[in-house]
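Engineer: prediction below, plus the sequence it came from.
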Amino acid sequence: MIGKNSGFTLIELMIVVAIVGIIAAIAIPSYQGYVMQSQVNQALGELSAYKTAVEERLSQSGALVNSDIGYSPSPLTTGTAAIDIAVLNPDGSGHLEVTMGGNAHGSLTGVVLRLERSVTGSWSCIVDTSGAPGWSDRYSPSGCAVI
């Protein structure tokens, strides 16, 4: 008695592998875009945490160095404890600034994240992408101006 074989043919398996390959080709770049967007948002969130310390230091009319604001370098930036991230002008304006690098995605290396303080005390976000040729506007944090 001859039994009937059941299973998948080689053609059917090749079609399934091709479909999985097409899905992966679409999904991987999309995933990397989400990773880069989250890294920019994380670095900006870490930078935003220092605004309160800057405001406090401004009210005390003191000098502004990293140790005054409790700066701890992020692994997503090129910052070090020796390089001050804050600048405070005599008129009350100033900014906090970091450059993406370190463990950040290679396409983000060179992006400058800046939180600018006006004389009136309002803060605005600026993203300078001139140092990152791989930048895409889809990585931009909401509410930030991209230059």
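Structural biologist: Arrived safely. Numbering: from 1, shown residues only.
Engineer: hey, where'd the strands end up in the protein?
Structural biologist: 86-88, 94-99, 112-117, 123-128, 144-146 (DSSP state E).
Engineer: tell me the strands beside the third one, with direction?
Structural biologist: What that stands for is strand 112-117. According to DSSP bridges, strand 112-117 forms sheet pairs with strand 94-99 (antiparallel), strand 123-128 (antiparallel).
Engineer: tell me the most buried of these?
Structural biologist: For the strands paired with strand 112-117, the largest average neighbour count (mean count of other C-beta atoms under 10 Å) is found in strand 94-99, namely a mean of 21. Where you see a C-beta, it was placed from the backbone N, CA and C, and this is true even at glycine.
Engineer: which residues does that one contact?
Structural biologist: 43, 47, 50-51, 54, 58, 64, 74, 77-79, 85-88, 110-117, 131 (C-beta atoms under 8 Å, 6 or more residues apart in numbering).
Engineer: can you pull the contacts of the closest residue to I147 other than its chain neighbours?
Structural biologist: Residue nearest to I147 in three dimensions, not counting chain neighbours: D128, with 5.4 Å by C-beta to C-beta, 6 or more residues apart in numbering. Contacts here follow C-beta under 8 Å, 6+ apart; on that basis D128 touches V111, V112, R114, I147.
Engineer: the last one: neighbour count?
Structural biologist: I147 sits with 10 neighbouring residues when counted by other C-beta atoms under 10 Å.
Engineer: ok, S67 - contacts?
Structural biologist: With the criterion set at C-beta under 8 Å, 6+ apart, S67 makes contact with A81.
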